[in-house]
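Trainee: Mind looking at a prediction? Sequence and model below.
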Amino acid sequence: MATLDAATWLDTWENSRGLPLALQPCALLAPLLAQGQMAAERLPLGQRDAGLLDLHSALFGPQLQATARCQCCGEQLELTLDCRELRQPPAQIAAELRLDWGGYQLCYRLPDSRDMVLLASAESEALARDLLLQRCIAQASRNGEALAVQDLPQALLEQLAVTMAAADPQAVTELALRCPACDAQWQELFDIGAFLMERLGHWAERQLDQVHVLAQAYGWSEAQILALSPARRACYLNRVLA
Ligand SMILES: [Zn+2]
């Protein structure tokens, strides 16, 4: 693995599995950030996903194989994607964001992974949206007079959603797909966090398989086997499995 050693990534993968789903991808970025898991959970979603795309490139290379299913005819599509092409230009995000619209002033921040944990338990999409806005809007006023979030007009909230999306474009990665069997076209969301978690899970299973084989053959400890270079580990595996 390019950025950290195998033992550290195995620990990271193991620790991430005890977290709520929405926080698991943050655990993959945590070892790379000075302030660890807390900083990763606080990243705006697009910045988090940009980091995960770069991490995929560093660990497994920029290309990835994904699948999608046609909603019209059920055909399975095999997709070859490139992390560099999915990557949006880096967004410059100010610490404090403001929106002035129709006499209203909002101070807000962009949604992060902790927001997503709470949203996952909301009973409806409307409740989830209200909850998200309440968490992200720090201050609201009209002509200098403070307002509660629930008193803001719908059109302003819609404008805020558009403004948030434009400020953090990497937060949503949509693929334009066309079915080769029935020619249907649609937009499909791609979630690099879920994809990378699954890929790292397969990698971890392979590591553990190899540790199992070499430990049985040579009596080495897990730490000793993981510390071998990939090339040397492959040589011993070839000898055991020959
Ligand atoms: Zn189709």
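Mentor: Here it is on my side, so go on.
Trainee: which residue lies farthest from the center of the chain?
Mentor: In terms of distance from the mean C-alpha position of the chain, A242 ranks first, at 39.8 Å (Cα atoms, centre = their mean).
Trainee: confidence score at it?
Mentor: A242 is assigned 87 on the pLDDT scale.
Trainee: got the residue ranges for the helices in this structure?
Mentor: 6-16, 24-29, 36-42, 45-60, 83-86, 113-119, 125-136, 154-167, 192-218, 222-227, 230-241 (DSSP state H).
Trainee: quick one: average confidence on the second one?
Mentor: The predicted model gives helix 24-29 an average pLDDT of 95.
Trainee: Who are the packing partners of it?
Mentor: helix 6-16, helix 36-42, helix 45-60, helix 192-218 (3 or more Cβ pairs under 8 Å, 6 or more residues apart in numbering; DSSP states H and E). (C-beta placed from N, C-alpha, C; glycine too.)
Trainee: domains of the protein?
Mentor: Following automatic domain parsing, the chain resolves into domains at 6-86+191-241, 97-167.
Trainee: And these: which comes nearest T173?
Mentor: When the domains of the chain are ranked by distance to T173, counting by Cβ to Cβ, first place goes to domain 6-86+191-241 at 5.6 Å.
Trainee: Can you confirm whether that closest one lies near the ion?
Mentor: Yes - judged by Cβ under 5 Å from the ion, domain 6-86+191-241 comes into contact with the ion through 70, 72-73, 75.
Trainee: May I see these organised as TSV, with neighbour count added?
Mentor: Output for these, formatted as TSV (neighbours: other Cβ atoms under 10 Å):
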residue	neighbour count
C70	19
C72	13
C73	11
E75	14
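Trainee: what's the farthest-apart pair in those?
Mentor: Within the residues of domain 6-86+191-241 next to the ion, C72 and E75 form the most distant pair, 8.3 Å apart (Cβ to Cβ).
Trainee: So which residue is dead centre in this protein?
Mentor: Note: the chain centre (Cα atoms, centre = their mean) maps to G193, 2.9 Å.
Trainee: Identify the residues contacting that residue.
Mentor: Applying Cβ atoms under 8 Å, 6 or more residues apart in numbering, we find G193 in contact with 24-25, 28, 48-49, 52.
Trainee: switch the cut-off to 6 Å
Mentor: 25, 52 (Cβ atoms under 6 Å, 6 or more residues apart in numbering).
Trainee: roughly how far apart are it and the ion?
Mentor: 27 Å (Cβ to the ion, to the nearest Å).
Trainee: what's the weakest-modelled helix or strand in this protein?
Mentor: Of all helical and strand segments in the chain, the minimum by mean pLDDT, DSSP states H and E falls on helix 125-136, at a mean of 87.
Trainee: so what pLDDT did L4 get?
Mentor: Reported pLDDT for L4: 69.
Trainee: quick revisit: now the least confident helix or strand of the chain, how far from the centre of its chain.
Mentor: 20 Å (Cα atoms, centre = their mean, to the nearest Å).
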